[in-house]
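>>> Sequence first, then the predicted structure, then my questions.
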Amino acid sequence: MTDPTTTAPAPGDQLSGAPLLAVHDLAITRWPGGPPLVTGLDLELRRGETIALVGESGAGKSLSARAAIKLVPAGLHVTGEVRFQGEDLNRMDEEAVRAVRGGGVAMLLQDPFTILNPLIRTRTHLIETLRSSGRRLSGAEAADEVTRRLAEVGITDASVGDRYPFELSGGMRQRVALACALAKDPALLIADEPTTALDATTQRDVLRLLRSVQQARGMGVLMITHDLRVAFSISDRVYVMYAGGVVERARPEDFLAAPAHPYTVGLIRAEPPTGYRREQLDGIPGQVPAPETVSHQCAFADRCSWATPECTTARPPLLAVTDVHASACRRREEIAGELLADLHAAWEPATVPDPPAGETVLRVAGLRKSYQRDRSTWAVDGIDFTLGSGRNLGIVGESGSGKTTLARCLLGLEEPTEGSIELLGTDVSRYRSLDREQLRRVRGQLQCVFQDPYSSLNRSHSVGFILREALSRRSPEAGPAPSVEELLDRVGLAARYAGRKPVALSGGQRQRVAIARALAIAPKVLLCDEPVAALDVSVQGQVLQVLREVSESGTQLLFITHDLAVVRQMTDDLVVLERGKIVESGRTEAVLDQPSHPYTARLVGAVPTGDAEWLS
Amino acid sequence: MSIAWYILRRLGVGLLLLVIASFFVFCLLYISPGSPEQVLLGGRPSTPEIIGTIRAKYNLDDPFLVQYGQWLLDAFRLDFGESIVTDQPVTTVLTDRAGPTLALALAGLVLTIVIAVPAGMYAAAKRNTSGDRMVSMLTLLGSSAPTFAVGVLLLYVFGVSLEWFPVFGNGTGFTGQLHHLVLPAIALAVTQIAYVTRQTRAAALRVYEQDYVTFARSRGLGRSLIWRRYALLNSSLPIVTATGLLLAYTLGGAVLVEVTFSREGVGSLMLQAVQSKDIPVVQGLVAFAAITVTLVNLGVDLVNLAIDPRLRKEVTG
Ligand SMILES: Nc1ncnc2c1ncn2[C@@H]1O[C@H](COP(=O)(O)OP(=O)(O)O)[C@@H](O)[C@H]1O
Ligand code: SF4
Ligand SMILES: [Mg+2]
């Protein structure tokens, strides 16, 4: 996607015939006539075609996908047509729909840890699915089928059939789930964020698998994802959803060659580029509105820099730009040139700074940690690094590589089994042996920001209270204390947020409050453990920019993440962890551009690029 | 570690708990009003010889802990002494009375499972419909109705007025006993049904929201398969636990029911023994209750182990 010369796979016009799935004027409301969640959705999918629904959380992707298999959560009200092979599912009774499910339309869900029945084995899942279409299978036939179906999703280990879900890894479970979804040979597979919960390398494997099965069977795929690059890599056409409706529909290459909607341009710009560092990480200002508040205007108007008063008088319909491209922006023609320029501006790589390293702030030597009493496995297995003032350090690795254990050791939440951690001359590897004064000083020098700010913010207090409390812990050496308003301003929040409680904030705002709270103490080191992993792209950029500014004013970042694009934007040096060991380290840019260790190379290769080659 | 070893260990722990409990059971003798020999004397004439015999028989002249040790050793041999009212060995009294109560408890349990589990599943499936509200109303009614009031009502309507069922006693012969069991079992089961229905409904609702149910539906699995293998199986851990809890404390309910229906059983024995201050019998009964609770808990854990492979993994390592 970051490469404008990308060519996409077969466009939709090569595929002819009646659509496999035709959704017309689909609307989902909380109750009949109630507030809308999805409004006026039109969608077409042909046999053998892959289309993607992309958008931020709450856009209505999952609900729309569920409507296509008539599994919208109970209580919600669905109107409009959902025609599968010409038949309107919305008019069918439950028994008739049941006959369509599995064999006609199948669905794969996001979370591999909850998708399978925890009390039955892999084989039972498969066999019950095979038999549910009335097919008779003898024991031997069933065993053969299980082997064959598992092999199709790349599982050749025969013992997997006999395992329970809890005995399998996330990627393995998602493969088993895929085998189940494919067991009745569906004509259409709906995949709702099937790889979001997986590691990048596993994600690529599963997507490749999905794609090869799709091509081998000529199956239609409706892919739901929040990741534009994944959508662009895997699909023939992309529908972009925003606040319950489609705002743009096009082939992947059209979005880059002829952008036609400010929201999509904003989304593309907000994604941190994988290949280079960008000067300014901006995201889209503001946040996604509730669909019912924008049903009679352009849903994006509040955040759009091209908005005019007319944009809020009626909802702009989705209109054709070309025969394969449609946009719901009423100014799409007049602003086309500006949108393109805006998009290209995001492709300007910044010069990568190489600040000199100052005094050593943090030194970790020979750090090891085992959770087992018999020390049979090591979560962190011999780590050495130093963090110098003036340079941000990134720590990357897949889940289970020891990132979080390392963070917890640094914060004193776990005691290292071996090794030392030295923070500005104080040995902090045994927090328990620190005296009161030392502890106070250490807390003033090291602060943290976690992935889930909600669990770390006290829910019963206002933002102002939380920040004042943090300010009261600031040591006098840290210089004159800022006011709550100044703190909020530093993280880009208006002063009025001081009166709010965490519940009344969005995810991105909470994360900014968590950062402001850490800054109140003016720490030397800010430890960030996946600080933007739970945030939508449009908000990620804002939070990352705040953190960048923090690091430019005397606080060093120790940035833990699985996301290589993010780490490139944020850090000067990089350490790559695999199973508790450092396999590679060096300047961030050098490590990512010329990885010398195969593990790093694999990680780098697994980052979605946004073109079809990535999955071939 | 194997399952057998797990069971053995659990039994060991159970035994340990029972020994601790036994100390308090033994102390019943000392905390009941009056001196031990007076308590053990009961209604018999208080002559020096008889008192002497009692002191000798119950080792009352030994130090307290030695007395306890002796009592515990006897208790291990299921010897709790004799009833001071009937002079029969406590163990004999207990075994005579345990059968009818066991039958009552089992009948109540069967009724509870047969009615409560389907009712709870039905209410969950029909969430927020009139059917669900009906079930909820009935469970509210059932759980707030005192057992003895239900007993009296049943007794009056089906026993006295309609004369469909006998109004008191245990009955003789298999059919006779079964006939006598109907009303008491219902009386015992009413609150239990209410409780288990509510637990089942809540568990099934939780399960029904899970992704794996949605995924099962998306594969076009049959409705009954989804209810059995997905909803019911995954709700069964809390249901089994709730049912076990009820079974373990059936004795409490049995007291009320057996008294209401004039049944001879462990429950009515408890009341009689307490009223006549028949301490050895009370001790035997409390020990009996403690053993029941221990065994039922073990049973519940084993059933859960059979259902849930994750628990098995935890146990077998
Ligand atoms: N069962 C439900 N009841 C009420 N609202 C729901 C339900 N499921 C989803 N929603 C709401 O519908 C909107 C769209 O949700 P969803 O389709 O899950 O979005 P996405 O998949 O794009 O993140 C959200 O505002 C969400 O809160
Ligand atoms: S219609 Fe107006 S507000 Fe909406 S995207 Fe276009 S220019 Fe912006
Ligand atoms: Mg979703």
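Thanks, I have it. Ligands and ions are numbered 1, 2, ... in the order given.
>>> residue of chain B with the smallest distance to ligand 2?
residue B:214 (34.2 Å; C-beta to the nearest ligand atom). The way it works is simple: take the backbone N, C-alpha and C, and place the C-beta from them, glycine included.
>>> In contact with that residue, which residues are there?
A:71, A:107, A:109 (C-beta atoms under 8 Å, 6 or more residues apart in numbering or on different chains).
>>> So the residue of chain B found nearest ligand 1 versus residue B:201, what's the distance?
Nearest residue of chain B to ligand 1, counting by C-beta to the nearest ligand atom: residue B:209, 9.1 Å away. Distance of residue B:209 to residue B:201, computed by C-beta to C-beta, to the nearest Å: 13 Å.
>>> Comparing those two, which shows the higher neighbour count?
Higher neighbour count among residue B:209 and residue B:201: residue B:201, with 24 against 11, using other C-beta atoms under 10 Å in any protein chain shown.
>>> ok now the helix or strand where that one lies, how far from the chain's centre?
Assigned by DSSP states H and E, residue B:201 falls within helix B:174-208. Averaged C-alpha coordinates place helix B:174-208 at 13 Å from its chain's average position (C-alpha atoms, centre = their mean, to the nearest Å).
>>> looking at the chain, which helix or strand does the model trust least?
Reading this off chain A. Here the helix or strand of chain A ranked lowest by mean pLDDT, DSSP states H and E is helix A:453-456, holding a mean of 74.
>>> I was after chain B.
The least trusted helix or strand in chain B, going by mean pLDDT, DSSP H and E, turns out to be helix B:36-41, with a mean of 76.
>>> For stretch A:357-367, the averaged confidence score.
Stretch A:357-367 shows an average pLDDT of 90 in the prediction.
>>> Burial check on residue B:268, number of neighbours?
22.
>>> Residue A:300 and residue B:5, how far apart?
64 Å.
>>> Tell me which of these two has more neighbours.
Each of residue A:300 and residue B:5 has its neighbours counted (other C-beta under 10 Å); residue A:300 has more, 26 against 11.
>>> quick one: the more buried one and residue A:541, what's the gap?
17 Å.
>>> same deal with residue A:244?
From residue A:244 over to residue A:541 (counting by C-beta to C-beta), the distance is 23 Å.
>>> likewise residue B:21?
Distance of residue B:21 to residue A:541, computed by C-beta to C-beta: 64 Å.
>>> Check residue A:491 too.
Note on residue A:491: its distance to residue A:541, by C-beta to C-beta, is 14 Å.
>>> follow-up on the earlier one: mind listing what's buried along the helix or strand that the least confident helix or strand of chain A is followed by?
Next along the chain after helix A:453-456, taking DSSP H and E as the criterion, comes helix A:463-472. By 16 or more other C-beta atoms under 10 Å in any protein chain shown, the buried positions in helix A:463-472 come out as A:463-464, A:466-468, A:470-471.
>>> buried residues in stretch A:48-65?
A:48-56, A:58-65.
>>> Which strand or helix spans the residue of the stretch 101-250 of chain B found nearest chain A?
Closest contact between the stretch 101-250 of chain B and chain A, by C-beta to the nearest C-beta, is at residue B:220 (3.3 Å). Counting by DSSP H and E, there is no helix or strand that carries residue B:220.
>>> Would you mind confirming that it is in contact with residue A:105?
No. At 9.1 Å, residue B:220 does not count as touching residue A:105 under the criterion of C-beta atoms under 8 Å.
>>> higher neighbour count, these two?
A count of neighbours by other C-beta under 10 Å puts residue A:105 above the other of residue B:220 and residue A:105, at 28 against 22.
>>> hang on, isn't the more buried one packed against residue A:186?
Yes. Using C-beta under 8 Å, residue A:105 is in contact with residue A:186, at 6.0 Å.
>>> Checking my notes, residue B:73 in a helix, right?
Yes. Counting by DSSP: H, G, I helix; E, B strand; the rest coil, residue B:73 is part of a helix.
>>> what residues are up against it?
Contacts of residue B:73 (C-beta under 8 Å, 6+ apart): none.
>>> So it versus residue B:186, what's the distance?
From residue B:73 to residue B:186 the distance is 43 Å (C-beta to C-beta).
>>> For the helix or strand residue A:180 falls within, the averaged confidence score.
According to DSSP H and E, residue A:180 maps onto helix A:170-182. What helix A:170-182 shows for mean pLDDT is 93.
>>> what packs against that helix?
strand A:105-108, helix A:122-131, helix A:139-152, helix A:200-217, helix B:211-218 (3 or more C-beta pairs under 8 Å, 6 or more residues apart in numbering or on different chains; DSSP states H and E).
>>> can the shortest one be found next to chain B?
Yes. Strand A:105-108 lies in contact with chain B when judged by C-beta under 8 Å from any C-beta of the partner chain; the contacting residues are A:105-107.
>>> Considering these, which is situated nearest to ligand 1?
Using C-beta to the nearest ligand atom, these come closest to ligand 1 at residue A:107, 13.0 Å.
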